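*Asks:* Below are the sequence and a predicted model for it; my questions follow.
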Amino acid sequence: MNALIPLARAAAAAPVSSGSQLAPLLVMGGFIVVFYFLLIRPQQKKAKEHQTLISKLAPGDEVVTSGGLLGRITEVGEHFVTLEVAENVRVKVQRGQINTLMPKGTLKGA
């Protein structure tokens, strides 16, 4: 009878099937796919849209900066943009700080 106990334990500890070894890899792959579609892809899309906005800036456009300044572009340079935020008040900001292109006439209502 004592000889059967170790034999029963050995039978209970049967080798693990290959399907259960693959499961953790499938779960990790699933997490990577979820992170891509929920985090990485939207962020890349937003960055591409911002880059397009920055490249199309022209004098006369009304914009809002990331700091909250609302102004009309008077001059566009390679790295900087000059904004007129009030009559005869001009501020230079980096192009990358332009956040939103506003509809024409927004400054008149502000």
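*Replies:* Now that the structure is in, tell me what you want to look at.

*Asks:* what separates Leu39 from Lys46, distance-wise?
*Replies:* 11 Å (Cβ to Cβ, to the nearest Å). Glycine gets a C-beta too; all of them are placed from N, C-alpha and C.

*Asks:* Assign a three-state SS to Val85, would you?
*Replies:* strand (DSSP: H, G, I helix; E, B strand; the rest coil).

*Asks:* per-residue confidence at the residue nearest to it when sequence neighbours are not counted?
*Replies:* In this structure, Val85 finds its nearest non-sequential neighbour in Gly71, 4.1 Å apart by Cβ to Cβ, 6 or more residues apart in numbering. What the model reports as pLDDT for Gly71 is 94.

*Asks:* Now do the host helix or strand of Gly71: which elements does it pack against?
*Replies:* For Gly71, the host element (DSSP states H and E) is strand 70-76. Here strand 70-76 touches strand 62-65, strand 80-86, helix 106-109, going by 3 or more Cβ pairs under 8 Å, 6 or more residues apart in numbering; DSSP states H and E.

*Asks:* follow-up on the earlier one: so what's the residue nearest to Val85 up against?
*Replies:* 62-63, 65, 83-85, 91, 107 (Cβ atoms under 8 Å, 6 or more residues apart in numbering).

*Asks:* if we go to 7 Å?
*Replies:* 63, 83-85, 91 (Cβ atoms under 7 Å, 6 or more residues apart in numbering).

*Asks:* how far away is it from Lys104?
*Replies:* 13 Å.

*Asks:* How is the protein divided into domains?
*Replies:* Annotated domains of the chain cover 17-56, 58-109 [automatic domain parsing].

*Asks:* Would you pull up how far the last one lies from the middle of the chain?
*Replies:* Distance of domain 58-109 from the chain centroid (Cα atoms, centre = their mean, to the nearest Å) equals 24 Å.
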